[in-house]
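1. Below is the sequence, then the predicted model.
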Amino acid sequence: MPSPSNLPLHFHRDRTERELDARLDELLAKLRKNRPSEDPWMVRRAYEIAAERHRDQLRSSGDPYLTHLLEVAHILADMRLDATTLTAALLHDVTEDTEFPISRIEERFGVEVARLVEGVTKIGRLNMMAPEARQAENVRKMLLAMVNDVRVVLVKLADRLHNMRTLEYLEPAKQQRISRETLDIYAPIAHRLGMGIVRGELEDLSFRYLEPESFLALQKEVSDKAPVHKIFLEEVQGTIRSKLVENSIPAELEARVKGLYSLHRKIMRQERGLEQVYDLLAVRVITDSERSCYAALGVMHHIWRPVPGRFKDYIAMARPNLYQSLHTTVLHSGQPFEVQIRTQEMHRIAEEGVAAHWKYKDGKPAQEDDQRITWMRQLIEWSQELEEPGEFLSTLKVDLAPVEVYAFTPKGRVLELPSLRRATARAAIGSALRSPRTRAAKSAIGSICRNAKKPRRWASGCWRRKRATSAAALRKLQKKIC
Ligand code: MN
């Protein structure tokens, strides 16, 4: 049998071309399945142009450049996005790398695809600037693009995800820079958009390059215990399944082990060992209705005693990124584990976030009412007041990982205050009290705005120590707000 190196060159080329074509067919099949009414011609045509324009380019891995474009499109197809987004994904590097002008994209594919490609290109075009300024400017562009059409950011996130998956082929300095940026900016944006799966993978990949020793140690620790965890999770799932059947609550179960980066962060923050992380192991109960969620919760607490202070009702009070579930921690033969109870719809939103609900209204992307996008709009509004890019970045990091604070008005309304920034705080209160713009709301806004003028002191003085003194902080807040 001839060794591969003895084969004529065209054989290799033919083989890769066949592989690429097969991957394209899979992409088109996904589109047909998810969106049967959409015409795939645009995607096929975009593929042909990309293949033509990137013909002689290779990735650092040695693969044809086209593999990157196809994989980015696949990530988006798996999120069930539309033909327009997949087309833009295939063309996202064509203007920058091959000087194919946006105007020609518009001619051939229409204004929507052109705008998406332009948005993605703009985000990546700022390489000439100083690192700090460049990053801040990138983020600003990204937020602006996101407000106009969130699909721009979805393409950019998919692009970053595939680049992170293939980061091993780059030199160490680049790996560090890209991972840092991913962890500081892209993963938090995915989180704010509610995209749990993308966020988790971005975090774990960045963690691997930024702190390889901690990553490997923790990975080993977790994988050493994997067989024990597996048996444990099967056992408790068996119990849960039979009890739910007994109570006629329909449900699918899913076991999950916490992601390495979020595990690492928790261990660092709580200065605890792996075994003391209560939600290292979790079982998800996915059921049909809200009513069944609460019924299932009752069943859980009937089987096992709940750990005090660990129950959270994110159904009644959704998180700012619209995540909903009931969380409770219970003990089974001395081992704590978390039960997460949600409906199928909540499950999809937890995993895919904004992508799960992305849809058209009257031929335009419908996102006016989405608070995940509203947050971006406020951040931009607020960022325009700032001059220093560094200041923008450091405050952005706070805004991307907000401490969630809930406050109650005397009439029992819940105010969710996602951060202490003036603009966001104002908006949070505004939206919490949207319809009846009462006097209480107005004075609350006034008080937040006054206090937010000294954001840092205000933060350390009251809000950020919320964890330690949450009851006291809430009382204080209540006094100020109501
Ligand atoms: Mn790319």
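-> Good, I have the coordinates.

2. so which strand or helix has R208?
-> Under the criterion of DSSP states H and E, R208 resides in helix 196-210.

3. So which elements touch that helix?
-> Applying 3 or more Cβ pairs under 8 Å, 6 or more residues apart in numbering; DSSP states H and E, we find helix 196-210 packed against helix 150-165, helix 172-181, helix 187-192, helix 212-246, helix 260-270, helix 344-352. Yep, even glycine has a C-beta here, placed from its N, CA and C like the rest.

4. Please name whichever of these is nearest to L24.
-> With Cβ to Cβ as the measure, helix 150-165 is the member of the helices and strands packed on helix 196-210 nearest L24 (15.9 Å).

5. What is that closest one packed up against?
-> Packed against helix 150-165 by the contact rule (3+ Cβ pairs under 8 Å, 6+ apart) you find helix 65-78, helix 83-90, helix 111-124, helix 131-148, helix 172-181, helix 187-192, helix 196-210.

6. and among these, the most buried is which?
-> Neighbour counts (mean count of other Cβ atoms under 10 Å) averaged over each of the helices and strands packed on helix 150-165 peak at helix 83-90, with a mean of 27.

7. List the contacts of that helix.
-> Applying Cβ atoms under 8 Å, 6 or more residues apart in numbering, the contact partners of helix 83-90 are 27, 31, 35, 38-40, 42-43, 45-47, 49-50, 69-70, 72-73, 76-77, 109, 112-113, 116-117, 120, 151, 154-155, 158-159.

8. of those residues, list those near the ion.
-> Applying Cβ under 5 Å from the ion to these, one finds that D159 fall near the ion.

9. ok now do the residue in the stretch 351-482 of the chain that the ion sits nearest to, which residues does it touch?
-> Going by Cβ to the ion, the ion is nearest to A355 of the stretch 351-482 of the chain, at 18.5 Å. For A355, the contact set (Cβ under 8 Å, 6+ apart) comprises 79-81, 154, 193, 195.

10. weakest of the helices and strands packed on helix 150-165 by average pLDDT?
-> Note on the helices and strands packed on helix 150-165: lowest mean pLDDT is at helix 131-148, with a mean of 66.

11. Out of the helices and strands packed on helix 150-165, which gets nearest to D97?
-> Ranking the helices and strands packed on helix 150-165 by proximity to D97 (Cβ to Cβ) places helix 65-78 first, at 7.7 Å.

12. who are the neighbours of that closest one, in terms of helices and strands?
-> helix 9-34, helix 41-53, helix 83-90, helix 150-165.

13. deepest of the ones you listed, which one?
-> Stretch with highest mean neighbour count among those: helix 83-90 (a mean of 27; mean count of other Cβ under 10 Å).

14. Helix 150-165 and that helix, what's the angle between them?
-> When axes from the mean of the first three to the mean of the last three Cα atoms, to 10 degrees is applied, the directions of helix 83-90 and helix 150-165 differ by 40 degrees.

15. Return the set of buried residues in the helix or strand just after helix 83-90.
-> Sequence-wise, the next helix or strand downstream of helix 83-90 (DSSP H and E) is helix 94-98. Neighbour-count burial for helix 94-98 flags 94-95, 98 (criterion: 16 or more other Cβ atoms under 10 Å).

16. out of these, who's nearest the ion?
-> The ion lies nearest to V94 out of the buried residues of helix 94-98, by Cβ to the ion, at 10.1 Å.

17. what about D78, distance to R284?
-> The gap separating D78 from R284 is 20 Å, by Cβ to Cβ, to the nearest Å.

18. who in the chain is up against the ion?
-> 93, 159.

19. which stretches of the chain have low pLDDT?
-> The model of the chain has pLDDT under 70 over residues 1-13, 124-147, 357-482.

20. Would you map out the domains in it?
-> 10-210, 218-354, 403-481 (automatic domain parsing).

21. about what we covered before: for S223, find the nearest of the helices and strands packed on helix 150-165.
-> Each of those has some distance to S223 by Cβ to Cβ; the shortest is helix 196-210, at 13.4 Å.

22. partners of the spatially closest residue to L244 that is not a sequence neighbour in the sheet?
-> Leaving out its chain neighbours, the residue that sits closest to L244 by Cβ to Cβ, 6 or more residues apart in numbering is A251, at 5.1 Å. On the basis of DSSP bridges, A251 is bridged to T287.

23. next one: L326
-> With DSSP bridges as the criterion, L326 is bridged to D313, I341.

24. Would you check that it makes contact with E290?
-> No - using Cβ atoms under 8 Å, L326 is not in contact with E290; the gap is 9.6 Å.

25. Which neighbours do those two have in common?
-> I315.

26. which of the two has more neighbours?
-> Ranked by neighbour count (other Cβ atoms under 10 Å), L326 and E290 place L326 first, with 22 against 16.

27. ok, that one - contacts?
-> L326 touches 293-294, 297, 311-315, 339-342, counting by Cβ under 8 Å, 6+ apart.

28. Mark which of those residues are buried, thanks.
-> Among those, those classed as buried by 16+ other Cβ under 10 Å are 293, 297, 311-312, 314-315, 339-342.
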